[in-house]
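Engineer: my questions are about this predicted structure, shown below with the sequence.
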Amino acid sequence: MDKLVVHGGSTIKGAINISGSKNASLPILAAAILTGEDCIIRRVPDVSDTNYMIQILSALGADVERSSGTVRITCADICDEAPYELVRRMRASICVMGPLLARKGRAVVSLPGGCVIGDRPVDLHLKGMEALGAKIEFEGGNITLTAPNGLRGAEMDLRGENGPTVLGTDNVMMAATLAEGITVIESAAAEPEVLDLANFLNAMGAKITGAGTRRIVIEGVKELKGVEHTVIPDRIEAGTFMAAAALVGEGVTLNRVNREHLKAITAAIVKSGHSVEFNEAGDSCHIIRGENLQGVDLNTAPYPGYPTDMQAQMTALLTTTPGISVIKDSIFPQRFMHCAELKRMGADIKLDHGTAIVRGVSQLSAAPVMASDLRASAALVLAGLKARGTTEISRLYHIDRGYEHIDEKLLMLGAKVERIPV
């Protein structure tokens, strides 16, 4: 187990490349189950979540090779039971359920684990599978889905209490590609990662329209073929480094980004007083720390709204931004565990029923802190860059779930960080 030591007080500048999207890679890797042919997927980030997914595919019987961000998967002969020991480590492993059910007519998946950021149920996934004709049983912590006569297209609404379900949309979309007839998903997630999966599936021979909107239509096909695909850039990694540049930057350039995917994050950072300039192609941006800063009001929302996965990092940025900022997380109201650790570093934050009220302070002070989940750990790294003194961040395995070599990228920008085995 490692910890990250962050020596605060220095600035960052220069340029880095943003990795492929973790949240797009996971369902795309799982979608390779839908064909027995080779699938080659490029720019898969080297993070523990994608490593777990690859281990799950291997355990199912897939032939998997990985080299320098490129993964080749062949699922010629696979079983239909995902192993508990691997599934429990990552919530996104639930997305093998849809393709397994469609390909094999049966899927056994353990109830998954993942971050401790409140209840993240899979009921909408099961609602979608049931609508397609699957029978569902629970036993010993496992979900068993069967469709011995195949799946049939259906109309369904996947609206959840806190908005659409991204992985639920992914799961149903994958299952429906091989279902008989037409499936219509209303209240679908419109995130770029869902569209990337749909593009991958369509390249395989699926017939999907409407991905990236709230209504997706899937016309089932008999079989899918192998393809090559390049994963979209990780908009949350990009947003995290945009926040770092706004906190302690002297001009930072991020390459391999997508301007369209970053609109809400860019708007929040610009509103707080910083400059973000994109090149004409929209695949590179330059962030300059502002001089006249101000607090902002943020409310997380499904895409194209402000992402909940960038709430913690923006909170860290706003701890030293003059004025009062109000941050409400409508998607995961309990996702404020980072605030207690930021307060240990001198932040002035009050929590009230899913809302953080942040009063900017002039200086943070280093302290030993503990990461509670993936994005909270990123927020603590940002705060450590800004703080006076040396911050030690424990439980670094959280950040390794979703950020590819974050310490190396910070070092490239001139930050003073070091990873130390504990």
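Structural biologist: Right, received. Where do you want to start?

Engineer: distance between the host helix or strand of Glu130 and the chain's centre?
Structural biologist: Element membership for Glu130 (DSSP states H and E) is helix 123-131. For helix 123-131, the separation from the chain centroid amounts to 22 Å (computed by C-alpha atoms, centre = their mean, to the nearest Å).

Engineer: ok, stretch 27-34 next?
Structural biologist: Computed by C-alpha atoms, centre = their mean, the chain-centroid distance of stretch 27-34 equals 16 Å.

Engineer: mind checking pLDDT for Ser68?
Structural biologist: What the model reports as pLDDT for Ser68 is 89.

Engineer: just give me the neighbour total for it.
Structural biologist: Neighbours of Ser68 under the rule other C-beta atoms under 10 Å: 8. Where you see a C-beta, it was placed from the backbone N, CA and C, and this is true even at glycine.

Engineer: what's the answer for Ser58, then?
Structural biologist: Neighbour tally, Ser58, other C-beta under 10 Å: 13.

Engineer: how about it, what does it touch?
Structural biologist: Counting by C-beta atoms under 8 Å, 6 or more residues apart in numbering, Ser58 touches Val64.

Engineer: what's the helix or strand for it?
Structural biologist: Counting by DSSP H and E, Ser58 is part of helix 48-59.

Engineer: what's the answer for Ile331, then?
Structural biologist: Assigned by DSSP H and E, Ile331 falls within no helix or strand.

Engineer: what's the answer for Val44, then?
Structural biologist: Here Val44 is assigned to no helix or strand, by DSSP H and E.

Engineer: would you confirm that it contacts Leu29?
Structural biologist: Yes: using C-beta atoms under 8 Å, Val44 makes contact with Leu29 at a distance of 7.1 Å.

Engineer: all helices of the chain, in order?
Structural biologist: 22-31, 48-59, 84-87, 97-104, 123-131, 166-176, 192-204, 235-248, 263-271, 311-318, 337-344, 374-386, 397-400, 406-412 (DSSP state H).

Engineer: now the ones you listed in a markdown table, with distance to Thr213 and mean pLDDT?
Structural biologist: What follows is the helices of the chain, written out as a markdown table (distance: least, C-beta to C-beta, whole Å; pLDDT from 0 to 100):
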| stretch | distance to Thr213 | mean pLDDT |
| --- | --- | --- |
| helix 22-31 | 17 | 98 |
| helix 48-59 | 27 | 96 |
| helix 84-87 | 31 | 86 |
| helix 97-104 | 20 | 97 |
| helix 123-131 | 17 | 94 |
| helix 166-176 | 11 | 97 |
| helix 192-204 | 9 | 98 |
| helix 235-248 | 18 | 98 |
| helix 263-271 | 16 | 98 |
| helix 311-318 | 24 | 98 |
| helix 337-344 | 33 | 96 |
| helix 374-386 | 26 | 97 |
| helix 397-400 | 33 | 94 |
| helix 406-412 | 33 | 98 |
